[in-house]
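Trainee: The following comprises the amino acid sequence and a computationally predicted model.
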Amino acid sequence: MALDAGQQPRFHCDEMLAHLARFLRAAGFDTRLASDGVPDRQILREAVDEGRWLLTLDRNIMEHKLARDVAILLQQGTLDEHAEFLAARFDLDWLGQAFSRCLLDNAPLEEANAAHYARVPAESRPVAQVVKHCPECGRIYWRGSHFQRMRRRLVDWQERHCPSEHANDDIAL
């Protein structure tokens, strides 16, 4: 599967790569996550039908004919090693669209209204706090400690892949 110039890759992670899927979503990449127990053939069919790269640790999935053009077998390793491989393979910008998707269901986030903002814990509501919400699951996102930890990791990956680019950008949540 080839990408057009400027087109962002779309991913489908097998169930063993749930942590990677979460970080791909945090970086703003459209990323599906296979449900536990879904047959390999179905996961491959969904990836093909939706024009997604299937990321997997399962060597057996590579035996399917459908895997030929869409499946990428990642080596056993750390989350950072997987991120480094994907950054090199797809020239990923880890910060350009960061924190624009729901970490749980992959939906694009929207600006929050007063009702959403009211659901943020009082101790986390500085006056200029930016709040977004997921229109699908209703989850609320703000720049709390979880955001800071994930952002540090994305900045680190960006620096490794493309030193000095975006490192000091203010990521809009």
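Mentor: Yep, it's here.

Trainee: so what does the helix or strand of the chain with the lowest mean pLDDT touch, helix or strand wise?
Mentor: Counting by mean pLDDT, DSSP states H and E, the weakest-scoring helix or strand in the chain turns out to be helix 114-118, with a mean of 87. When contacts are defined as 3 or more CB pairs under 8 Å, 6 or more residues apart in numbering; DSSP states H and E, helix 114-118 sits against strand 131-133. C-beta coordinates here come from the backbone N, C-alpha and C atoms, glycine included.

Trainee: tell me what the strand it packs on is packed against?
Mentor: strand 110-111, helix 114-118, strand 140-142.

Trainee: Quick one: closest of these to Pro39.
Mentor: Across the helices and strands packed on strand 131-133, Pro39 has its closest neighbour in strand 140-142 (33.1 Å, CB to CB).

Trainee: and Cys102, what does it touch?
Mentor: Counting by CB atoms under 8 Å, 6 or more residues apart in numbering, Cys102 makes contact with 25, 108-109, 134, 136-137, 139, 141.

Trainee: again but with Asp14, I slipped
Mentor: Counted by CB under 8 Å, 6+ apart, Asp14 has contacts 34, 43, 54-58, 61.

Trainee: Out of the residues you listed, which is nearest to Asp93?
Mentor: Nearest member of those to Asp93, counting by CB to CB, is Leu55, at 17.7 Å.

Trainee: Could you pull up the residues touching the closest residue in space to the closest one that isn't next to it in sequence?
Mentor: Leaving out its chain neighbours, the residue that sits closest to Leu55 by CB to CB, 6 or more residues apart in numbering is Cys13, at 4.8 Å. Going by CB under 8 Å, 6+ apart, Cys13 touches 20-21, 24, 31-34, 54-56.

Trainee: And Val127, what's its pLDDT?
Mentor: At Val127, the model reports a pLDDT of 52.

Trainee: now the one 4 residues further on
Mentor: The model reports Val131 with a pLDDT of 90.

Trainee: Ok, Ala2 next?
Mentor: Reported pLDDT for Ala2: 54.

Trainee: Report the mean per-residue pLDDT for the longest helix along the chain.
Mentor: Longest helix in the chain, counting residues (DSSP state H): helix 145-161. In this model, helix 145-161 has an average pLDDT of 93.

Trainee: Tell me which other helices or strands that helix touches.
Mentor: For helix 145-161, the packing partners by 3+ CB pairs under 8 Å, 6+ apart are helix 18-26, helix 79-90.
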